[in-house]
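> this one's structure only:
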């Protein structure tokens with residue numbers, strides 16, 4: 001896969017071929033929200049299987065929590081996941097550019113972006129997949145070695161993180177079908193694809 005260093009200047013001969021701005025395109029946000037349903041089912045099945053297979057002792061601890069505690073725990077987990085997920089994107093934006101990314105929040109999504117930068121396909125795929133890969137891998141290791149009460153918290157983190165990666169996976173899929181020399185600009189709540197010609 002051809003790599004082009006991240007740049008702040010769009011190279012000569014490139015033109016905008018695709019754009020998506022989530023604030024303006026409510027249907028895209030709606031479709032991403034709908035897509036989280038099968039993503040939630042699949043990730044819940046996988047991570048729950050992992051816990052049942054290797055940490056069945058943690059399931060016995062569910063009865064120790066009352067419904068309010070479980071509900072508050074889910075809210076806390078969701079907030080933690082949003083923050084850590086976007087920080088993982090931001091970490092790789094910073095790694096590739098050595099510049100601070102932007103962060104933001106809109107009603108149904110949070111984001112990290114680099115509106116002043118154009119990324120090649122490979123680097124953009126790494127940025128997009130970073131939270132899913134890193135948090136899932138760390139979560140799986142911690143599920144296997146943590147005390148039983150912590151396992152349920154980690155289970156929630158891994159499930160919500162994988163569910164929240166739907167938009168990232170869609171962008172990775174789109175990127176894979178783009179030409180090798182495509183450049184991608186991530187505005188935070190929008191995406192622009194540029195090609196030669």
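That came in fine, so what should we check first? Keep in mind the model is a prediction, meaning the values are calculated, not measured. Numbering: from 1, shown residues only.
> Walking through the protein, point out its strands one by one.
Secondary structure of the chain (DSSP state E): strands at 14-21, 102-106, 109-120, 183-186, 190-196.
> For the last one, buried residues please.
Same thing as strand 190-196. For strand 190-196, burial by neighbour count (16 or more other CB atoms under 10 Å) applies to 190-194. All C-beta spots, glycine's among them, are computed from the backbone N, C-alpha and C.
> re the thing from before, which one of the strands of the chain lies nearest to residue 53?
For residue 53, the closest of the strands of the chain is strand 109-120, at 31.7 Å, according to CB to CB.
> ends of stretch 181-197, how far apart?
One end of stretch 181-197 sits 11 Å from the other (CA to CA, to the nearest Å).
> could you dump the buried residues of strand 190-196 to a markdown table with distance to residue 131?
Converted to a markdown table, those look like this (distance: CB to CB, whole Å):
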| residue | distance to residue 131 |
| --- | --- |
| 190 | 19 |
| 191 | 16 |
| 192 | 21 |
| 193 | 21 |
| 194 | 24 |
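> Among those residues, find me the one that's closest to residue 56.
Nearest to residue 56 among these is residue 191, at 42.1 Å by CB to CB.
> you'd agree the closest one is up against residue 20?
Yes - with contact defined as CB atoms under 8 Å, residue 191 counts as touching residue 20 (5.1 Å).
> Quick check: nearest residue in space to the spatially most central residue of the chain, chain neighbours excluded?
For the chain, the residue sitting closest to the mean C-alpha position, by CA atoms, centre = their mean, is residue 165 at 3.8 Å. Distances taken as CB to CB, 6 or more residues apart in numbering place residue 132 nearest to residue 165, at 4.1 Å, with adjacent residues excluded.
> what's the offset of stretch 48-57 from the middle of its chain?
24 Å (CA atoms, centre = their mean, to the nearest Å).
> So what's the model's average confidence on it?
Averaged across stretch 48-57, pLDDT comes to 90.
> The residue nearest to residue 58 when sequence neighbours are not counted: neighbour count?
Of all residues not flanking residue 58 in the chain, residue 151 sits nearest, at 3.6 Å (CB to CB, 6+ apart). By the criterion of other CB atoms under 10 Å, residue 151 has 22 neighbours.
> again with the one 10 residues further on
Residues contacting residue 161 under the criterion other CB under 10 Å number 26.
> Can you tell me the closest non-neighbouring residue to it?
Closest residue to residue 161 apart from its sequence neighbours, by CB to CB, 6+ apart: residue 135 at 4.5 Å.
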